[in-house]
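Q: Dropping the sequence and predicted coords here.
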Amino acid sequence: MRTNPDRQDRPDRRGLWIGAALVVALGLILLFWWGPLGGLIGRLTRFLADKEGARAYILSFQPYAALYFIGLQILQVVLSPIPGELSGFLGGFIFGWDGGFLYSTLGLTLGSLVCVSLGRAFERVFLEKILPAAVLDGFSVRVDRWGLPMVFILFLIPGAPKDYLSYLFGLSRLPIWSFLLVSALGRMPGTLVLSLQGAKVFQGDWTFFAVLTGASLLVLVPALIFKDRIFRRLGLPAGNRER
């Protein structure tokens, strides 16, 4: 009886994904809840009332401020304790639009790597506690049919729950690195807008901020109107919001 070599390799790969993803997730939890940034997560929910304080706090960890911010973005994707819009805006406010865009993109992509790795490692074990089996089955069928274009569309939509989508795509047969590249490209327009908004608020350029926000709303409002319809078409429950 012949043995399938792919099946022989699968347990080792799964163990590698589990180990790597859990180490990263546990390290981030320890860093942010018991490390020097422990008090920041709760305070970030009040960021708009204390932008200067949040900026000073992050920058106080120079020369590692960028690394702490990247870690914050990773944690925001993995556990979602902080709204993505808030942390993206914060990146531009602290590091300028270019630095904020770069660090946010790195953090969000690495966070998606942890999520998709956990999804691939544990498969449906914990996702079935969140979503019905029928939803997971329908999602898998559509991913197999549409592939990477589906990833791009979902990550491009403003307000899409990109955190749990990363877990869901871990169930697919898509190559992880292809998923990361396409999902990062889909996130980039929204990340760029948030970084620009944060940077312009810090600079006091309220004219640019107002124009950018108005232009963003022209895209955001139709996207929100049709989001549920797109979700249903792709086999996902409607009415989800990004946390």
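A: Happy to help now that I have it. Numbers count the residues shown, from 1 in each chain.

Q: Show me the helices in the protein, by range?
A: Taking DSSP state H, the helices of the chain run over residues 5-34, 40-44, 51-59, 65-78, 84-122, 133-146, 148-156, 162-169, 176-203, 206-233.

Q: Save the ones you listed as TSV, and put in mean neighbour count and mean pLDDT too.
A: In short, each C-beta sits where N, CA and C put it, glycine included. Formatted as TSV, these follow (neighbours: other CB atoms under 10 Å; pLDDT from 0 to 100):
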stretch	mean neighbour count	mean pLDDT
helix 5-34	13	51
helix 40-44	16	52
helix 51-59	16	81
helix 65-78	23	85
helix 84-122	23	88
helix 133-146	14	74
helix 148-156	19	87
helix 162-169	23	79
helix 176-203	20	92
helix 206-233	13	80
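
Q: Residue 88 versus the closest residue to residue 209 other than its chain neighbours, what's the distance?
A: Leaving aside its sequence neighbours, residue 209 sits nearest to residue 200 (CB to CB, 6 or more residues apart in numbering; 4.2 Å). Distance of residue 200 to residue 88, computed by CB to CB, to the nearest Å: 14 Å.

Q: do residue 184 as well
A: For residue 184, the distance to residue 88 - CB to CB - is 14 Å.

Q: same deal with residue 154?
A: In this view, residue 154 and residue 88 are 18 Å apart by CB to CB.

Q: repeat for residue 107
A: Distance of residue 107 to residue 88, computed by CB to CB: 10 Å.

Q: what do you get for residue 206?
A: Using CB to CB, residue 206 is found at 19 Å from residue 88.

Q: What's the per-residue pLDDT of residue 158 here?
A: At residue 158, the model reports a pLDDT of 79.

Q: That one against residue 187, yeah?
A: No. The pair residue 158 / residue 187 is not scored as a contact, 10.5 Å apart, by CB atoms under 8 Å.

Q: In this structure residue 111 contacts residue 72, no?
A: No. The criterion here is CB under 8 Å, and residue 111 misses it with residue 72 at 9.8 Å.

Q: Cool, thanks, signing off.
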